[in-house]
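Colleague: the following block contains a protein sequence and its predicted model.
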Amino acid sequence: METRAGDPGAFAHFDLNRVDSPAFVVDAAKLRENLRILADVRDRAGIKVLAALKAFSMWSVAPIIGEYLDGVCTSGLWEALLAGEHYDGEIATYCAAYKPDDLEEICRLSDHVIFNSPQQIERFADILELSRNRGNSFDIGLRVNPLHAEGEVPRYDPCAPHSRLGFPIDQLTEEHMALVDGIHMHTLCEQDLEPLRRTWDKAFDHLEPWFGEFKWLNFGGGHHITRADYQRDELVEFLRDVADDTGAEIYLEPGEAVALDAGILVGTVLDTHWNGMPLAITDVSATCHMPDVIEAPYRPAMLGELDAGEAVRLGGPSCLAGDVIGDYRLPVAVEPGQRFAFLDQAHYSMVKTTTFNGVPLPSIWLWDSETDSLEQIRKFGYEDFRDRLS
């Protein structure tokens, strides 16, 4: 899987030795730039934009996000609690399957509670009614599967054959639609406008009988709106047309686009040796710090990587044989103590970190490239590893 991000931006001038290692560094100025773009699309299209916490939930920057967007979307009780505690605006919660014990609190916290099937809505009717009787106000949504695959990698494609995500759109009935206030679909991953157009073309005929009846239509995330070559003017026109056709309020839920190219992961070379090619062990672990490198898989871009020269295979400190990041031509001497950084690591990497094998978690720093202010937001220690075990 090829990432289409990796613009170093202001990080090209950042001294990697200003932070400890490993460390995530997020640029507040780049974050604001992304948010301004999203807010501009929102305003011109007359829609609402929610930030997806599943991709980027660095709640210390919640006030910045709240300045620009309409709220957040969450994936269950814990993210909804985080949203209620730290973020402004609307909260839309979708989960592939809710636990009954969680649902009442989710209804209290959320403005939109989105289900994966009509059967769940019917099964939890008593909980939903009780919550409303207690004064909680929320819409009911249904995630649909348009049955149109656009993803490059099947495991990341919500519309891959036999996907568990979303109710098959060709099975919708009048009885199902009577249960809901809005329709949700999330079908893209790091993609442009044309895949969205093609998906909507497939969904249009199935949903047209209910145009004017559902209150909102949520196109989910996966839209690379803040990437420089995204067709934003055409997106605005498309969203306006959808609103006119459906009579519904339109939502987008970008996650990656919020933090695109806004963060790096700083690491250090710990040791080197040779086994048919140059090898380097680093304090950055693919499996612990960037699991998508293994799961997608993909090759993260490196800050300042050289175009020529001998490549060095970088791997993490864990005992997992597959803890390999990739082959790189480092911009520094390949020797212990040298610093390097991977680009575009604010989203999905930070939220997926683990302490497998006792590998330490990266610290989290907030830098502002406009003012050069730098603050360590969080440093993790042995206790963070110990306290998640028993």
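Modeller: Great, that's in hand. Numbers count the residues shown, from 1 in each chain.

Colleague: I'd like the next helix or strand past the lowest-mean-pLDDT helix or strand in the chain.
Modeller: Taking mean pLDDT, DSSP states H and E as the measure, the helix or strand of the chain with the lowest value is helix 292-295, at a mean of 93. Sequence order places strand 312-315 as the next helix or strand after helix 292-295, per DSSP states H and E.

Colleague: so how far is His148 from Leu217?
Modeller: According to CB to CB, to the nearest Å, Leu217 and His148 sit 16 Å apart. Quick note: C-beta positions are derived from backbone N, CA and C, even for glycine.

Colleague: circling back: for the least confident helix or strand of the chain, name the packing helices and strands.
Modeller: Packing partners of helix 292-295 (3 or more CB pairs under 8 Å, 6 or more residues apart in numbering; DSSP states H and E): helix 286-289.

Colleague: who's more crowded, Leu217 and His148?
Modeller: Leu217 (25 against 16; other CB atoms under 10 Å).

Colleague: so that one, which state does it fall into?
Modeller: Classification of Leu217 by DSSP: H, G, I helix; E, B strand; the rest coil places it in strand.

Colleague: what about Thr371, how many neighbours?
Modeller: Around Thr371 there are 9 residues (other CB under 10 Å).

Colleague: does it count as helix, strand or coil?
Modeller: coil.

Colleague: the closest residue in space to Gln345 that isn't next to it in sequence is in what secondary structure piece?
Modeller: Of all residues not flanking Gln345 in the chain, Leu265 sits nearest, at 4.0 Å (CB to CB, 6 or more residues apart in numbering). Per DSSP H and E, Leu265 falls inside strand 263-274.

Colleague: follow-up on the earlier one: list the buried ones in the least confident helix or strand of the chain?
Modeller: Asp292, Val293 (16 or more other CB atoms under 10 Å).

Colleague: got the CA coordinates for it in CSV?
Modeller: Output in CSV follows, covering the C-alpha atoms of helix 292-295 (Å, rounded to 0.1, in the frame of the first residue of the first chain):
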residue,chain,number,x,y,z
ASP,A,292,0.0,-0.4,10.0
VAL,A,293,3.5,-0.9,8.5
ILE,A,294,2.9,-4.6,9.1
GLU,A,295,-0.9,-4.8,8.8
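
Colleague: so which residues make contact with it?
Modeller: 155, 286-287, 298-300, 322-323, 325-326, 348-349, 352 (CB atoms under 8 Å, 6 or more residues apart in numbering).

Colleague: next one: the most centrally placed residue in the chain from Cys73, what distance?
Modeller: For the chain, the residue nearest the mean C-alpha position is Ala55 (2.2 Å; CA atoms, centre = their mean). Distance from Ala55 to Cys73, counting by CB to CB: 10 Å.

Colleague: hey, what's in contact with both of these two?
Modeller: Gly221.

Colleague: coming back round to it: state the distance from the residue nearest to Gln345 to Val293.
Modeller: Distance, Leu265 to Val293, by CB to CB: 11 Å.

Colleague: and Ser369, by the same measure?
Modeller: Ser369 is 26 Å from Val293, by CB to CB.

Colleague: do you know the pLDDT at Glu122?
Modeller: We have a pLDDT of 98 for Glu122.

Colleague: skip the chain neighbours and tell me the closest residue to it.
Modeller: In space, Glu122 is closest to Leu179, 7.1 Å off (CB to CB, 6+ apart).

Colleague: what do you get for Pro63?
Modeller: Of all residues not flanking Pro63 in the chain, Asp88 sits nearest, at 7.9 Å (CB to CB, 6+ apart).

Colleague: before we move on, what about His289?
Modeller: Excluding the flanking residues, the one nearest His289 by CB to CB, 6+ apart is Thr353, at 5.5 Å.

Colleague: and the one you found, how many neighbours?
Modeller: By other CB under 10 Å, 21 other residues sit near Thr353.

Colleague: now Pro331
Modeller: 14.

Colleague: again, but for Arg227
Modeller: When neighbours are counted by other CB under 10 Å, Arg227 registers 19.

Colleague: might one say that it is in contact with Leu260?
Modeller: Yes. At 6.3 Å, Arg227 counts as touching Leu260 under the criterion of CB atoms under 8 Å.

Colleague: overlap in contacts of the two?
Modeller: Ala5.

Colleague: show me what contacts Leu279?
Modeller: Leu279 touches Thr272, His273, Val312, Arg313, Gly315, counting by CB under 8 Å, 6+ apart.

Colleague: quick one, strands of the stretch 101-250 of the chain?
Modeller: For the stretch 101-250 of the chain, strands defined by DSSP state E, counting those that start in this stretch occupy the ranges 112-115, 139-145, 167-168, 182-184, 216-218, 249-252.

Colleague: Serialize these to TSV and add fields for distance to Leu16 and mean pLDDT.
Modeller: As requested, the strands of the stretch 101-250 of the chain are exported to TSV (distance: least, CB to CB, whole Å; pLDDT from 0 to 100):
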stretch	distance to Leu16	mean pLDDT
strand 112-115	41	98
strand 139-145	41	98
strand 167-168	47	98
strand 182-184	41	98
strand 216-218	39	98
strand 249-252	34	98
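
Colleague: output those strands as TSV; include the columns distance to Ile377.
Modeller: TSV is the format used below for those (distance: least, CB to CB, whole Å):
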stretch	distance to Ile377
strand 112-115	30
strand 139-145	33
strand 167-168	39
strand 182-184	32
strand 216-218	31
strand 249-252	27
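
Colleague: compare those strands and give me the one nearest Lys30.
Modeller: Minimum separation from Lys30 across these (CB to CB) falls at strand 249-252, 19.8 Å.

Colleague: who's in contact with Ser373?
Modeller: Residues near Ser373 by CB under 8 Å, 6+ apart: Trp367.
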